[in-house]
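> predicted model, plus sequence, below.
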Amino acid sequence: MRDALPHASFIGFTGTPIELQDANTRAVFGDYISVFDMRRAVEDGQRSDE
């Protein structure tokens, strides 16, 4: 993808690696823009079935 779009911005929406060779998502996509971790989810109080 980077070869086809060398000047594109790449954004990941998960901490799950996209390929075995690129197992470090942060190394592939760069620094975090925003993090919604488990602590924030609990503080938010939202339930997925609402």
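Right, received. Where do you want to start? Numbering: from 1, shown residues only.
> please pull out the lowest mean pLDDT helix or strand from the protein.
When each helix and strand of the chain is scored by mean pLDDT, DSSP states H and E, helix 25-29 comes last, with a mean of 75.
> residues of that helix that come out buried?
Under the neighbour-count criterion of 16 or more other Cβ atoms under 10 Å, helix 25-29 has residue 29 buried. Yep, even glycine has a C-beta here, placed from its N, CA and C like the rest.
> average pLDDT for the following helix or strand past it?
Counting by DSSP states H and E, the next helix or strand C-terminal to helix 25-29 is helix 38-44. The average of the pLDDT scores along helix 38-44 is 83.
> run the chain-centre distance for helix 38-44.
Chain-centre distance of helix 38-44: 17 Å, with Cα atoms, centre = their mean, to the nearest Å.
> what does stretch 37-48 give?
On Cα atoms, centre = their mean, the centre of stretch 37-48 falls 17 Å from the chain's centre.
> how about residues contacting it?
Applying Cβ atoms under 8 Å, 6 or more residues apart in numbering, stretch 37-48 has no contact partners.
> how much space between residue 36 and residue 28?
Distance, residue 36 to residue 28, using Cβ to Cβ, to the nearest Å: 19 Å.
> what is the burial count for residue 21?
For residue 21, the neighbour count with other Cβ atoms under 10 Å is 7.
> tell me how far it lies from residue 29.
Look at residue 21 and residue 29: by Cβ to Cβ, they are 14 Å apart.
> and residue 1, by the same measure?
Counting by Cβ to Cβ, the gap from residue 1 to residue 29 is 12 Å.
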